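Colleague: Would you be able to build a 3D model of this:
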Amino acid sequence: MTGRADRLLSGLISVLLAGVALAALAGLMAVADRGLDITDEGYFIQSILRPGDIVVSPVDFGPVFSVFGADIVTVRRVSFMLMAATGALLAMAAMRLALPGRTGQLAGAAAGAIGGLAGIAQWWLLTPSYNTLAGVGAMVVAAGVTLHAGGGRFARGSGAAAAAALVGTGVALVFVGRPTSAAALAVATVPFALVLAGPMRAIALAGVAAVNGLCLLLLVAVLTDGGPTAYVARLSAAADLALLLGGGHDSRAILAAMRLMGETLFTRLGWPPVFPLAPVLFGVLALASLAALLRPAWRAALAGVVSTAVAGGLLWALWTWQEEYPGTWARLLGEVGLELAVLMTGLALAGLVIWPGAATRAQRRRQAVVAVYLVVQGLLLPLGTNNDWTQAIGAGHLFFALAVVLLAGAVVPGAPRAGLLASVALISAVPPAMAVRESLAEPYRLAGPVASQTVPLAFLGGPTSLKVDTATAQWATGLQQAALDAGWTPGMALIDLTGGTPAAAAVLGAEAPAASWLIGGYPGSADFVTTALGYAAPETLERAWVLTAPDGSRALPASVLTAHGLPFPDGYERVGTAVTGWRSEAQELWRPAVR
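Modeller: Numbers count the residues shown, from 1 in each chain. I've put the predicted structure just below:
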C-alpha cells in the first residue's frame, strides 16, 4: 500500500468513525427522556434528586451528579457526554503511543467515544450511578498513565504533572463511586508507574497525583458532610452497614471475588480454549511474529492484514454466538476482548525477544507495559459490584480493545496506518455500538424497548418528566393521586418497606430517611434497615408515610418500624394501593394517623 493511498484510507476511516461516534451520541441523547427501572435506577434517581437526605451511604455519586441540575434527563445527557469524552481521551492517549500522528489520534478519539459508552450497555440503565463514576474515573487514570508513557511533553515538567493530576483525579472519582475499586486500582497502578517512570520520578509524580486526588476528595467531603471528619465517619458507618446487609458490595465479598478471579480466568482462557475464536487467533497472530523475519514492505502489509483479520475474527465470533448467548454483545464484550488481550500479551513477549534493534525496543516495551496495565484495569473495573464478574467484565471492553491495538503495534511496528485504524474501528467501536443498541432494544427490567416508552410521567416537586411504559405510568400516577388526595405534599418523608422500589420516593418527590434505598431481599436486610433508620431524626420517622408490599418478594418486616417505636400498622391509615409493572407487585400507601 503506497503512502498516499494509506493516508487517504486512514482519513476515510477516521471520518467514518467520527460520524458513527456522533450518531451514537445523538441517538442516546434522543432517548434520554425514556425509560424508568423502578428498582436500581429508582435508587440512582432518588440519590441524585435529593442528595441532602442521605445520612449514611458508602458512595457519593448522587451529590456529584446533582451538580448538573434536578432534571434527570439533563443529568443523563451530561453523563453520556462525560463517558464519551473520557473514552475519547483514553483512546487518543493510546493511539498517540501506538500510532503517532493527528489522524490516528482523531480516529482513536472517535472509536474511544463509542467504547466509553459501553458502560451503558453493561449496566443496562441510562441514569448515571456509582458504576458510571467508577468507569469514568478508571478511564481518566488510564489516560494519565498512557499519556506519560507516550513521552513528549507529558514525560517531563508540567506535562508530566498534568498526567499525574489526571491519575489523582481519576482515583478520586473512582473512590467517590466505589471506594474498594479505587483502592484496588491505586495499588495496581503503582508497579506500572515504577516501570514506566522509574522509581524517583514515579515517587514525585505519585505525590502530585495524591495531592490532586486528596484535594478533590476534600471538596466532596465539604460539600456532602461539611468536612473530612464527618465524611470519614459516614463512610465508616456505611461500611459497617454493608457488612450487615450481606449484599455482596462489602470488602469481604470483593476479596472473595478477587480470589475466584484466577479460577475464572483459567476456566475462560485455559486449553483447550472455551471460545472457538482462540485457535484461529493463535494461527493468525503467529503470522505476525513471523513478520519480524520479513522485509519492511512485506512486514507492513502483513501487519495490516493481521490487525484487520483479528478484528474481523472478533466480530465473527460475537455474531456467531449471539443466538446461543442472551445479551451476547453486552456480556461477551469483555470476555472476548480479554481473551484477545491475553493472547496478544503472549505474542508481544515473544515479539520483544525475536526482534532485534535497540532503537525501537524501548518504544515497543512501553506499548507492551501500557497494554498489560490496561488489561489489569479492565479486570479490576467490575470489582465493587455484586454482579457476576464474568458478566460485569464487559464494562472493561475499551481497556481490552486498546490493549490489543497497542500490543499489535508492539509486536509488528511499521504497520500501515489504515490497518491499525481498521483494527481500532472494529475492536473498539463496533461491538460496544451493537451492545448499546441491544440494551436499548431489550432494556433491563422494562416492559419493552426504550423506543416504546412513550407515556409521559411527571415527578412531583421537580422538573423531571420521563416517558415510560403504560404499566409503570399507571403504578406511579396511582401512587401520586392517592397520596395527593390524602394530603401529601412533595418533600414529605416516605419509608419504603417494599424493599425493591426506591423509585416510589422519586416520583412522589419524597424525602427518603437515612438512605435512598432501604434494600430488601438480602440475608441481613432487616438488620440493615433497622440500623439505617436509626441514623434518621426521630421526628422525621414519626411523620413519615409508609409504602408496603404485603406479598412482595423483597418486602421488609414491620419490625423495622416498631424497633424505633413506630406503631405500624395500628397507628397508620391506608390511603391507596398500586400495582407495579415489574413483578406485578401490589403495594399499599399508609399515612400516620392523626394523634
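Colleague: Excluding residues flanking it in the chain, which one is nearest residue 107?
Modeller: With CB to CB, 6 or more residues apart in numbering as the criterion, residue 107 has its nearest non-adjacent residue at 4.1 Å, and that residue is residue 14. From N, CA and C alone the C-beta is placed, and that goes for glycine too.
Colleague: Mind telling me what element the one you found is part of?
Modeller: helix 3-30 (DSSP states H and E).
Colleague: picking that back up, per-residue pLDDT, the residue nearest to residue 107?
Modeller: What the model reports as pLDDT for residue 14 is 78.
Colleague: Surely it touches residue 109?
Modeller: No - Residue 14 lies out of contact with residue 109 (CB atoms under 8 Å); the separation is 9.2 Å.
Colleague: What lies in contact with the helix or strand that the helix holding residue 14 is followed by?
Modeller: Sequence-wise, the next helix or strand downstream of helix 3-30 (DSSP H and E) is helix 40-49. With contacts defined as CB atoms under 8 Å, 6 or more residues apart in numbering, helix 40-49 is touched by 35-36, 54, 57, 61-62, 65-66, 70, 72, 75, 125-129, 444-445, 459, 462, 464, 501-506, 512, 516-517.
Colleague: before we move on, what about stretch 464-476?
Modeller: Applying CB under 8 Å, 6+ apart, the contact partners of stretch 464-476 are 33-36, 38, 45, 49, 70-73, 446-448, 452-459, 503, 507, 578-582, 587.
Colleague: 7 Å - rerun?
Modeller: 33-36, 38, 70-73, 446-448, 452-459, 507, 578-581 (CB atoms under 7 Å, 6 or more residues apart in numbering).
Colleague: The spatially closest residue to residue 568 that is not a sequence neighbour: which element?
Modeller: Among residues not flanking residue 568 along the chain, residue 561 sits closest, at 4.3 Å (CB to CB, 6+ apart). Here residue 561 sits within helix 559-562, counting by DSSP H and E.
Colleague: for that helix, packing partners?
Modeller: Counting contacts by 3 or more CB pairs under 7 Å, 6 or more residues apart in numbering; DSSP states H and E, helix 559-562 packs against helix 525-533.
Colleague: And what about residue 494, helix, strand or coil?
Modeller: Following DSSP: H, G, I helix; E, B strand; the rest coil, we place residue 494 in the strand state.
Colleague: okay, now it: neighbour count?
Modeller: Number of residues near residue 494 (other CB atoms under 10 Å) recorded here: 26.
Colleague: so how far is stretch 21-40 from its chain's centroid?
Modeller: In terms of CA atoms, centre = their mean, to the nearest Å, the centre of stretch 21-40 is found 15 Å from the chain centre.
Colleague: quick one, what contacts residue 581?
Modeller: Counting by CB under 7 Å, 6+ apart, residue 581 makes contact with 447, 469, 471-472, 475.
Colleague: To clarify, my last question referred to residue 588.
Modeller: Contacts for residue 588 (CB under 7 Å, 6+ apart) come out as 548, 550, 574, 577.
Colleague: mind giving me CSV with those and columns for distance to residue 236?
Modeller: Below are the contacts of residue 588 laid out as CSV (distance: CB to CB, whole Å):
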residue, distance to residue 236
548, 31
550, 36
574, 39
577, 40
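Colleague: neighbour-wise, which of those leads?
Modeller: Going by other CB under 10 Å, residue 548 tops the contacts of residue 588 with 24 neighbours.
Colleague: Distance of it relative to residue 521?
Modeller: Residue 548 is 15 Å from residue 521, where distance means CB to CB, to the nearest Å.
Colleague: now swap in residue 31 and tell me
Modeller: To residue 521, residue 31 is 29 Å away according to CB to CB.
Colleague: pLDDT (mean, whole number) over stretch 489-502?
Modeller: On average, stretch 489-502 scores 96.
Colleague: could I have that stretch exported to PDB, CA atoms only?
Modeller: Extracted in PDB, the C-alpha atoms of stretch 489-502 (Å, rounded to 0.1, in the frame of the first residue of the first chain):
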ATOM      1  CA  THR A 489     -47.100  17.400  49.600                       C
ATOM      2  CA  PRO A 490     -43.700  17.000  47.900                       C
ATOM      3  CA  GLY A 491     -40.800  17.000  50.400                       C
ATOM      4  CA  MET A 492     -42.600  14.800  53.000                       C
ATOM      5  CA  ALA A 493     -40.800  11.700  54.200                       C
ATOM      6  CA  LEU A 494     -41.600   8.200  52.900                       C
ATOM      7  CA  ILE A 495     -40.300   4.900  54.500                       C
ATOM      8  CA  ASP A 496     -40.400   2.400  51.600                       C
ATOM      9  CA  LEU A 497     -40.800  -1.100  53.100                       C
ATOM     10  CA  THR A 498     -41.300  -2.700  49.700                       C
ATOM     11  CA  GLY A 499     -37.500  -3.300  49.600                       C
ATOM     12  CA  GLY A 500     -37.400  -3.000  45.900                       C
ATOM     13  CA  THR A 501     -39.000   0.100  44.500                       C
ATOM     14  CA  PRO A 502     -36.900   3.200  45.600                       C
END
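Colleague: Need the residues that contact it.
Modeller: Stretch 489-502 has contacts (CB under 7 Å, 6+ apart) with 38-39, 42-43, 46, 460-461, 504-505, 508-513, 516-521, 525, 540, 543-549, 552, 554-556, 580, 587.
Colleague: How far off centre is stretch 466-480?
Modeller: That offset, for stretch 466-480, works out to 28 Å (CA atoms, centre = their mean).
Colleague: List the buried residues for that stretch?
Modeller: 466-469, 471-480 (16 or more other CB atoms under 10 Å).
Colleague: Can you flag which of those belong to helices?
Modeller: 471-480 (DSSP state H).
Colleague: could you flag which of the contacts of stretch 464-476 are buried?
Modeller: Applying 16+ other CB under 10 Å to these flags 33-36, 38, 71-73, 446, 452-453, 455, 457, 459, 507, 578, 580-581 as buried.
Colleague: Give me the subset of those residues lying in helices.
Modeller: 72-73, 507.
Colleague: quick one: which of the residues you listed is nearest to residue 190?
Modeller: residue 72 (38.1 Å; CB to CB).
Colleague: Now that closest one: closest residue in space, sequence neighbours ignored.
Modeller: Counting by CB to CB, 6+ apart, residue 72 lies nearest to residue 464, which is 4.6 Å off, once chain neighbours are set aside.
Colleague: Quick one: neighbours of residue 381, just the number.
Modeller: Residue 381, neighbours per other CB under 10 Å, totals 32.
Colleague: Sorry, slip of the keys, the one I care about is residue 525.
Modeller: 22.
Colleague: ok, the closest residue to it other than its chain neighbours - how many residues close by?
Modeller: Once flanking residues are discounted, residue 525 sits nearest to residue 519: 5.9 Å by CB to CB, 6+ apart. By other CB under 10 Å, the residues close to residue 519 number 23.
Colleague: what are the phi and psi angles of residue 519?
Modeller: Main-chain torsions, residue 519, degrees, to the nearest 10: phi -80, psi 130.
Colleague: now residue 498
Modeller: According to degrees, to the nearest 10, residue 498 has phi -70, psi -30.
Colleague: what about the closest residue to it other than its chain neighbours, distance to residue 43?
Modeller: The shortest distance from residue 498 to any non-neighbouring residue, by CB to CB, 6+ apart, is to residue 549 (4.0 Å). Separation of residue 549 from residue 43 (CB to CB): 16 Å.
Colleague: ditto for residue 526
Modeller: Distance from residue 526 to residue 43, by CB to CB: 19 Å.
Colleague: Those two - which one has more neighbours?
Modeller: Set residue 526 next to residue 43 and count neighbours by other CB under 10 Å: residue 43 wins out with 26 against 17.
Colleague: Let me know the helix or strand that the residue nearest to residue 213 when sequence neighbours are not counted is in.
Modeller: Spatial nearest neighbour of residue 213, chain neighbours left out: residue 168 (3.5 Å); criterion: CB to CB, 6+ apart. Counting by DSSP H and E, the element that carries residue 168 is helix 157-177.
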